[in-house]
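1. what follows is a predicted protein model with its sequence.
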Amino acid sequence: METIINRTSLTIHLLHCDTGNMYVSEKYAYLVVTLVYFIPWLIFYWKRKDLRRQMVTMGILITILGLSAEYIWWTKDWWHPQTITGTKIGIEDALLGFSNGGIAAVLYEEVFKKRIYKYKGTNHKKAMIVFIALLFLAMNTLLYFFHFTSFIVTATGLLIISAIVIYVRRDLFLDAIITGLCMVLITIPIFLLLQYLSPGYIDHTWIWPSLSKIRFLGIPIEDITFYFLSGIFISPLYLYWKGERLRKAFVVNPPKRKRRK
């Protein structure tokens, strides 16, 4: 009996009724749509065993960067989503960073059936640390000394680091651009789902005085731009870091030939 009551209570908190329609509560809307990103993540992870390390590594890295940016910058003047824990940042932010990092890291390889191989180039582990340090330094300088919004600061930082990486590794230019576009294509339906499940969520959660107020299909143009730039930033990062390249298309699990009797 107690279990049934607890489940009923959870359902009431998760859903609320308005004019006869059932919607997801704004407290849980962020978590629900974040979990949707794990659909493509799980598909990639299941299909491409050779890319699993790359997905997990970049997922962890982007989670760390995302949580830091969310706590320090984004919740000040971009958006302030409710979390299930009622804290400034929550499990939703970690899940979003992990899933997006993993998807963007291997999206191009999966779509175009590429695989990674070692070559005689050098890795850039030290450069990666320097880039991340410079990114945070530049963003803090622009935000606190020049008083730019966190969106302008984030977009500028992503563009600068991406430009440097692609300049050094010009072979990753197409990878980066296509991944950026694909991240937008993945994100738009998820935002539309968010608006359907929790009408008014975007109006209540985004900090509009700091934004352009321009929307595409109800989605803030800043977020569409962010996902495009994030794809450009994340996609070549692992290959640049490890000093690896991509090969032409191949079959992941080629059919075994039958032996003649």
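-> Yep, that arrived.
2. show me where the stretch 101-250 of the chain has helices.
-> For the stretch 101-250 of the chain, the helices defined by DSSP state H, counting those that start in this stretch cover 125-144, 150-168, 173-197, 201-205, 221-234, 237-242.
3. and Lys114, how far from Asn100?
-> According to Cβ to Cβ, to the nearest Å, Lys114 and Asn100 sit 20 Å apart. In this view, the C-beta of every residue, glycine as well, is placed from N, C-alpha and C.
4. these two: who's more crowded?
-> Counted by other Cβ atoms under 10 Å, Lys114 and Asn100 do not tie: Asn100 has more neighbours, with 25 against 18.
5. mind checking which helix or strand that one is in?
-> Following DSSP states H and E, one finds Asn100 within helix 91-111.
6. that helix versus helix 173-197: what angle between them?
-> 130 degrees (axes from the mean of the first three to the mean of the last three Cα atoms, to 10 degrees).
7. with just CA atoms, put helix 91-111 into CSV.
-> Taking C-alpha atoms only, helix 91-111 is exported to CSV below (Å, rounded to 0.1, in the frame of the first residue of the first chain):
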residue,chain,number,x,y,z
ILE,A,91,22.3,15.6,-12.1
GLU,A,92,20.5,16.9,-15.2
ASP,A,93,23.5,19.1,-16.1
ALA,A,94,25.9,16.2,-15.7
LEU,A,95,23.8,13.9,-17.9
LEU,A,96,23.4,16.5,-20.5
GLY,A,97,27.1,17.2,-20.7
PHE,A,98,28.0,13.5,-20.8
SER,A,99,25.5,12.6,-23.5
ASN,A,100,26.3,15.6,-25.7
GLY,A,101,30.0,15.2,-25.3
GLY,A,102,29.8,11.5,-26.4
ILE,A,103,27.4,12.2,-29.3
ALA,A,104,29.4,15.1,-30.7
ALA,A,105,32.7,13.2,-30.4
VAL,A,106,31.7,10.3,-32.7
LEU,A,107,28.8,11.6,-34.7
TYR,A,108,30.8,12.2,-37.9
GLU,A,109,32.6,8.8,-37.6
GLU,A,110,29.3,6.9,-37.2
VAL,A,111,27.3,8.8,-39.9
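8. and it, what does it pack onto?
-> On a contact count with 3 or more Cβ pairs under 8 Å, 6 or more residues apart in numbering; DSSP states H and E, helix 91-111 meets helix 26-36, helix 38-47, helix 52-69, helix 173-197, helix 221-234.
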